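Asks: Quick one: sequence plus predicted model below, questions after.
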Amino acid sequence: MLTAGAAAFSIYCKVKADSIAKPVDAADALIRNTPSEGDVLYLRVDSDYVFNVADDLWTWSYSYPEDEDRYVTVPVIAKCNLEDRTYFYATVQANDPGMPDRVAQGYRDYFQGSLDRLLALKENGLPEGSNTTPEKLDEFIATMTEMVSDETYEKDKASVTSFTLIAKGAPNYALTGYISGVLAVLLGIVLLCAVLGIWISGKKLAIGSLAFLLLVFAIGAFALRKEIATMASIRQYAPGLYICNVTNNYKLDELLATDIRDTDELVEEASKKLLGGFPVSVDAHHYGCSSFSCVTKDGDHLFCRNYDRLETNGMVLYSAQEGSYASIAVCDLSWVNMAGADEVTAPDSFFGRLVLRGSCALMSVDGFNDQGLGISLLSLGYPEERKDTDKPDTLELLAIRAILDKCANVDEAAAFLSSYDVYSMFDKDFHLFITDKSGKSVVAEWIDDELTFTEIDHVTNYVIATHQWDDESRFVTLKDKLTESDGVLSLDEALDLLNAAAQQYEDIQTEWSCVYDLDNFVLYIYNDCDRDTVYTITPETFN
């Protein structure tokens, strides 16, 4: 009875998971198609735009790409922490009359707290070693002062929609079905042993069962030897830094052939192809970053990168798939909730190893291969438009992995990107910095529906093709040093320049800094602006 019940429940959960409508983007459901009272929606939200106003009142905000001063605020009543949820069900109901004031006051209280802290910092003086200048501090104070003004209060009130969402968590039928399926198999084995025990003596049954289990284990271990080797290789290499030798097949070609256009499709397909349907929660917040290329006096080409983010840990991975170039890359572990404030499991736990075995190679945010090609992903504050043509579709994350595996230089990488309609991830916008050991460096961006390549040796988080933000401080820091040195820096000077362009604010800082030696296939990396502790990573590191 228990076996049949577990099996039946597993099948029910599988059918239910397949039958549930896919989550819809909140902007599509709430802004572009205004809902009616009583509608029940299954929403996908960007947690960067979710804000806790007070107690169980949250808001989700949408800013119009064509008019940055125009925004809409949707009140959400939720008992759960919406910052931890990418998906949730919600029922639409009409607002009570006091909702706009409640939202606007909640915003004002939050920014008043930030203003008070900044004013205290100005009065007491900046701490020694702070990257924030007095001029920047004054800019922050001016911004916060504007945020608590009566004018902003009225704009916030006017932005509140006429409806409120009553949210509740979405049941995870896929995970429940997965667990009940495993339970059904275990109960089935117990039932089989019990039935056989009627005709076979206990001793023979025990020996036979043990032999059978050992045979099954041996066959399974052989069939999964590469997956097991990848899982076993995951270990903490240094504080905040893990390593992994990816020996299993992450089925890149199959994923490239699937015409994936958004993150949910990637997660769904990767789960099916690599994790046996095991569900994975994926999310990413906005982050900064900077990259540049230079050459040493000895002629070695260096590709350098800061990864600026909320608190997280990185994983350096080595991949040498059959028929592909060998590569070393870094992935952000918080993307699969294995680092940062929302950590649900450790990377070297069993479930951490299980998930990373199939996902880490597909989450590379920077890296290089043994041909001397380097690439990094950087976020943008500009809404990129991506043209939909008859070319196959893919995501930037898959493109990064494909370029590392298949491309030997910048021109080949550009040709690969040009052969696809390449879409962004996490409802965010990105551009790519690509460089090789010939000294050529470009930034790939999507401007007005067109893929553009701009030859330049440094980049931050602004559109390069339009030169609109060439006075941004980190961009200027990189430009001035590279111009002064004519692009020639020693390894130590490159590491120093990364430190000079690092970010350290309340909620974001430079999490890791990399110098990739493109000629010698060596990575130099340090964490959290600790310039004095630089780790050297080579293929031998992963043995």
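Replies: Done, it's in.
Asks: Where is the longest strand in the protein?
Replies: Longest strand in the chain by number of residues (criterion: DSSP state E): strand 67-77.
Asks: Residues touching that one, excluding its own?
Replies: Residues from elsewhere that reach strand 67-77, judged by Cβ atoms under 8 Å, 6 or more residues apart in numbering: 26, 30-31, 50, 53, 56-64, 82, 90, 95, 99, 102-103, 156, 159-161, 163-167. C-beta here means a position set from N, CA and C on the backbone, and glycine is covered the same way.
Asks: if we go to 7 Å?
Replies: By Cβ atoms under 7 Å, 6 or more residues apart in numbering, the surrounding residues in contact with strand 67-77 are 30-31, 56-64, 82, 95, 99, 103, 156, 159-161, 164-167.
Asks: One more: stretch 78-98?
Replies: So stretch 78-98 is contacted by 23, 35-45, 47, 50, 56, 58, 75-76, 162-170, 281, 283, 342 (Cβ under 7 Å, 6+ apart).
Asks: in the stretch 301-450 of the chain, what spans have low per-residue confidence?
Replies: Applying pLDDT under 70 to the stretch 301-450 of the chain flags residues 341, 381-385, 427.
Asks: Quick one: the strands in the stretch 251-400 of the chain, in order.
Replies: 290-295, 301-309, 314-319, 327-332, 364-369, 373-379, 393-395 (DSSP state E, counting those that start in this stretch).
Asks: wait, Ile508 sits on Thr312?
Replies: No - taking Cβ atoms under 7 Å as the definition, Ile508 is not a contact partner of Thr312, at 10.4 Å.
Asks: between these two, who's got more neighbours?
Replies: Taking other Cβ atoms under 10 Å, Ile508 and Thr312 do not tie; Thr312 has more neighbours (22 against 16).
Asks: The nearest residue to Val160 once chain neighbours are set aside - how many residues pack around it?
Replies: Once flanking residues are discounted, Val160 sits nearest to Pro100: 4.2 Å by Cβ to Cβ, 6 or more residues apart in numbering. Pro100 has 20 neighbouring residues, counting by other Cβ under 10 Å.
Asks: And for the one 3 residues further on?
Replies: As a burial measure, Val103 scores 26 neighbours (other Cβ under 10 Å).
Asks: list the helices and strands the helix or strand containing it packs on?
Replies: Using DSSP states H and E, Val103 sits in helix 99-124. Identification of packing neighbours for helix 99-124 by 3 or more Cβ pairs under 7 Å, 6 or more residues apart in numbering; DSSP states H and E yields strand 50-54, strand 57-64, strand 67-77, helix 134-147, helix 150-159.
Asks: As a markdown table, these with mean neighbour count and mean pLDDT would be great.
Replies: Below are these laid out as a markdown table (neighbours: other Cβ atoms under 10 Å; pLDDT from 0 to 100):
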| stretch | mean neighbour count | mean pLDDT |
| --- | --- | --- |
| strand 50-54 | 17 | 85 |
| strand 57-64 | 19 | 84 |
| strand 67-77 | 17 | 83 |
| helix 134-147 | 14 | 87 |
| helix 150-159 | 15 | 92 |
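Asks: Would you mind giving these as a markdown table with distance to Val246 added?
Replies: What follows is these, written out as a markdown table (distance: least, Cβ to Cβ, whole Å):
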| stretch | distance to Val246 |
| --- | --- |
| strand 50-54 | 33 |
| strand 57-64 | 37 |
| strand 67-77 | 39 |
| helix 134-147 | 41 |
| helix 150-159 | 46 |
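Asks: residues contacting Glu445?
Replies: So Glu445 contacts 384, 431, 452, 463-465 (Cβ under 7 Å, 6+ apart).
Asks: Those: which two are farthest apart?
Replies: Across the contacts of Glu445, the longest distance by Cβ to Cβ is 12.3 Å; it joins Glu384 and Ile464.
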